[in-house]
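In: return a 3D structure for these sequence lines:
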Amino acid sequence: MRHARLRLAALGTASAVVTAAAWAGTTAAWATPVPDVPSSAPAGSPEPTQSPTGSESPSASPTTTAEPATALQDALTKSAEANTASGTMHFSSQGKIDARGTWARQNKPNLLTAKVNQLTLDGKANSAKPQIIVNGETAFVNGDGLIPNQGNTWWKVPLNNLPGERGKMISDLLTSGRLQDPATIKQIAGAHKDVENEGEEEVGGQTVTHYSSTLDTQEAAEAAGLPAPTPSPTNWPKTLRVDTWVDSSGMVKRQQFRNEEGGRPFNLNLTVKEYDKPVTVQTPPAGQVKEVDQQTLKNLLGE
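Out: The predicted model follows:
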């Protein structure tokens, strides 16, 4: 049972990163690990491919001389307005889950994906490579062997019909279009408190400015037009510690989110490799797709 819960939580990691990548460069207020759930939920196995290509695009002016809160808000807003972004991810939680992989997003049309390429569960290497693909209002979820006996199948998940509080938030974030609204993005960025300029560092061979902040998740939810989540040790953290690295063109190069509250500490790193370059996502063949029942969705979402 314990290992089944870890496997499903690892699959949820990719889902959490997709949610975060939907507004990479803005915030990841709901990028929390999926709670422990029964082992009865099924999983899938891959094989589409997604390949972000190109190189990053500089523009605008440095933000290092601006007041820290203003500089951070400007960088988050500008980065989130880029039509595409892609990069790498690293998620870890309490030594039980360590997942590394890639992510990509596109605003118009709405495409999102995250794939785990290297996975460790309970300190042991796992060969599974779970992947999530979001195309408009439909998500395709592939567990790649995390849960046995599912075969070469992708779950097809209608995002406008997700159960529970967590499901409604994910649905609203990914399908509403609010996160492509510059005014909304700027308001969400304003939920970063106690912003400090920590000086210059290097990320990917570039000199960047490091900003630290505390993210108020309830204020971020309200700014996005969503119901404020109820904080609890096993559900939504009230605050997240956030570190953001901004390059000389005013674009976010890396963000780190840390939940240090209660019994579920986690660490999520998103590094941006490229902005405004083509993102290619191939959805799975129809013969490998299976509709998902509501109970499985509830299990996956921890409802």
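In: shaky segments in the stretch 151-300 of the chain?
Out: 151, 166, 173-182, 227-236, 261-264, 299-300 (pLDDT under 70).
In: do you have the helices of it handy? List them.
Out: 164-175, 182-189, 217-223, 294-301 (DSSP state H, counting those that start in this stretch).
In: which stretch among those helices comes nearest Asn152?
Out: Among the helices of the stretch 151-300 of the chain, helix 294-301 comes nearest to Asn152, with 17.4 Å by C-beta to C-beta. C-betas here are computed from N, CA, C, even on glycine.
In: before we move on, the earlier item: got the helices of the stretch 151-300 of the chain as JSON lines, with distance to Thr84 and mean neighbour count columns?
Out: Formatted as JSON lines, the helices of the stretch 151-300 of the chain follow (distance: least, C-beta to C-beta, whole Å; neighbours: other C-beta atoms under 10 Å):
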{"stretch": "helix 164-175", "distance to Thr84": "16", "mean neighbour count": "19"}
{"stretch": "helix 182-189", "distance to Thr84": "16", "mean neighbour count": "20"}
{"stretch": "helix 217-223", "distance to Thr84": "23", "mean neighbour count": "20"}
{"stretch": "helix 294-301", "distance to Thr84": "27", "mean neighbour count": "18"}
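In: would you turn those into a markdown table with distance to Lys115?
Out: A markdown table is the format used below for the helices of the stretch 151-300 of the chain (distance: least, C-beta to C-beta, whole Å):
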| stretch | distance to Lys115 |
| --- | --- |
| helix 164-175 | 17 |
| helix 182-189 | 25 |
| helix 217-223 | 26 |
| helix 294-301 | 17 |
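In: what's the distance between Val208 and Glu202?
Out: 7 Å (C-beta to C-beta, to the nearest Å).
In: quick one: which of those two has more around it?
Out: Val208 (20 against 10; other C-beta atoms under 10 Å).
In: which non-adjacent residue is nearest that one?
Out: Take Val208 and drop its neighbours on the chain: the residue closest to it by C-beta to C-beta, 6 or more residues apart in numbering is Trp245, 4.3 Å away.
In: next one: that neighbour from Ala191, what distance?
Out: Trp245 sits 19 Å away from Ala191, going by C-beta to C-beta.
In: doesn't Thr138 make contact with Asn160?
Out: No - counting by C-beta atoms under 8 Å, Asn160 does not reach Thr138; the two are 9.1 Å apart.
In: neighbour-wise, which of these two wins?
Out: Thr138 (15 against 10).
In: next up, the contacts around the more buried one.
Out: Contacts for Thr138 (C-beta atoms under 8 Å, 6 or more residues apart in numbering) come out as 156-159.
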